[in-house]
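Q: need a 3D model of the sequence below.
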Amino acid sequence: MKKNRPLPDTEKINQKSENIDRLSTEQIVKLINSEDMLVAPAVGKESKKIAAAVDMIVEHFKLRGRLFYVGAGTSGRLGVLDASECPPTFGVSPKLVQGIIAGGKRALVRAVEGAEDKAEDGIEAINKHRICEKDVVVGIAACGMTPFVQAALKQAAKKGAGTIFVTCARQAVKFISAKIIINPIIGPEVITGSTRMKAGTATKLVLNILTTTAMIKMGKVYGNLMIDLRATNNKLRNRSLRIVSQITGLSPKKTADLLKNAKGKVKHAIVMHFRNVDLESAIKILNQCDQSLRKAIESNK
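A: Next comes the predicted model:
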C-alpha cells in the first residue's frame, strides 16, 4: 500500500475473533454468524446512495446504454455472477449487464496472481468494451484501492460514462474518483483480510439491489412477479405458467394454450389476454407503453 494511505477496515484485526482457533466448532459458527448480522444494517445505511446509483443506471438504460461491473478476485466474481443472472431473470440481452474481472475468465475459477495490480489492464478492458457516455461502470473493491479497478473507473470517466464505486473501506473513499460511492461499513473480517466473507456478502446485497431495482423501474416486474423471465428449463416453464395464471385467473389448460400462442413470452401472453389481441398486436402495445405491462393493461380501461 502507498505511503500516507491508512490501513483499510478490511485489513484490520477483528478483536472479537482474535482467539477463534481456540473455540469449539459451534462457538466459531456463532461468532461468524454474529458478525454476518452486521452486514444488512450497514448496507441499509447506504440506501440513499444505492437509490441514486439505481436512478443513474435506469437513466442510462433508457439511452440504450449498458451496465458494467469491474472487479478483481471475489469482487470480480460477484460482478460476473450478478450480470449472468440478469438475462434468465429479466429477459434482457447478455450485453445489457456485463461483468469484467481482472485476469479474465480464468480468474472466475482460480486466482490469477497479480492480475488486480495491473492498472493498464483495467484501462484496456474499458477500451475493449467500447464503453461510452451511454454506459455505467460500477467499480467493486472491498479495500477500495485495487489498481485494476481504480484505473478502469478513471478510464470510464474519461469516456463520459456514469461511474459508481462499491467498497467496504471508509479509509479509501477520499482516494476514489466516482460520481457515487457506496460504502457499507462492516468492520474487520472474522479472518483478517478475508473479504470473501462480510465484504463479499455486503457487495452481493448491493449488486442484487442495483440490478433488481433497475429492472423493476424498467418494467421487468409486475407486482413482485418476474414477467420477462426466459423459460429455459422446466422450473422456469412452470413458473411462467403460474405467473400467467395468477395474473389472468385462467385455468392451467387455458394458461398453457395462451402461453403457447405467445411463444412462451409471459408479458405478451398477459397483454394478449387482457387486450384480446394476437401476439403481433401485443408486441406493438407493449412498445407503445415502454414495455410496461401495467400501462399496457390499464391503458385499455
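Q: next, give phi and psi for Ile100.
A: Phi and psi for Ile100, reported as degrees, to the nearest 10, are phi -120, psi 120.
Q: please name the residues that touch it.
A: By C-beta atoms under 8 Å, 6 or more residues apart in numbering, the residues touching Ile100 are 68-71, 76, 79, 125, 129, 152. Heads up, the C-betas are built off the backbone N, CA and C, glycines and all.
Q: let's go with 6 Å and repeat that
A: 68, 70, 125 (C-beta atoms under 6 Å, 6 or more residues apart in numbering).
Q: next one: Ala199
A: 10, 142, 168.
Q: could you confirm Ile13 falls within a helix?
A: No - per DSSP: H, G, I helix; E, B strand; the rest coil, Ile13 lies outside any helix segment and is coil.
Q: ok, now which ones touch it?
A: Thr192.
Q: quick check: Gly160 vs Glu59, distance?
A: Going from Gly160 to Glu59 by C-beta to C-beta, to the nearest Å gives 13 Å.
Q: tell me which of the two has more neighbours.
A: Using other C-beta atoms under 10 Å as the criterion, Gly160 and Glu59 rank with Glu59 on top: 15 against 12.
Q: what residues are up against Thr213?
A: Taking C-beta under 6 Å, 6+ apart, we find Thr213 in contact with Val54.
Q: I'd like the distance between it and Ala296.
A: Thr213 is 21 Å from Ala296, by C-beta to C-beta.
Q: what does Gly219 give?
A: Gly219 is 9 Å from Ala296, by C-beta to C-beta.
Q: so which of those two has more stuff around it?
A: Ala296 (24 against 20).
Q: now the more buried one. Nearest residue, chain neighbours left out?
A: Spatial nearest neighbour of Ala296, excluding adjacent residues (C-beta to C-beta, 6 or more residues apart in numbering): Cys289 at 4.4 Å.
Q: doesn't Ala199 lie inside a helix?
A: Yes - according to three-state DSSP, Ala199 belongs to a helix.
Q: name the nearest residue to it, sequence neighbours excluded.
A: Ala142 (3.8 Å).
Q: for the residue sitting nearest the centre point of the chain, give me its contacts.
A: The centre of the chain sits closest to Leu207, judged by C-alpha atoms, centre = their mean, with a distance of 3.4 Å. Going by C-beta under 6 Å, 6+ apart, Leu207 touches Asp82.
Q: buried ones in the helix or strand where it lies?
A: According to DSSP states H and E, Leu207 maps onto helix 198-217. Residues of helix 198-217 classed as buried by neighbour count (16 or more other C-beta atoms under 10 Å): 198-207, 209-217.
Q: tell me the mean pLDDT for the helix or strand just after that helix?
A: Sequence-wise, the next helix or strand downstream of helix 198-217 (DSSP H and E) is strand 221-222. Averaging pLDDT along strand 221-222 yields 94.
Q: give me the buried positions along the lowest-mean-pLDDT helix or strand in the chain.
A: Between all helices and strands in the chain, the lowest mean by mean pLDDT, DSSP states H and E belongs to helix 293-298, at a mean of 91. Within helix 293-298, the residues scored as buried using 16+ other C-beta under 10 Å are 293, 296-297.
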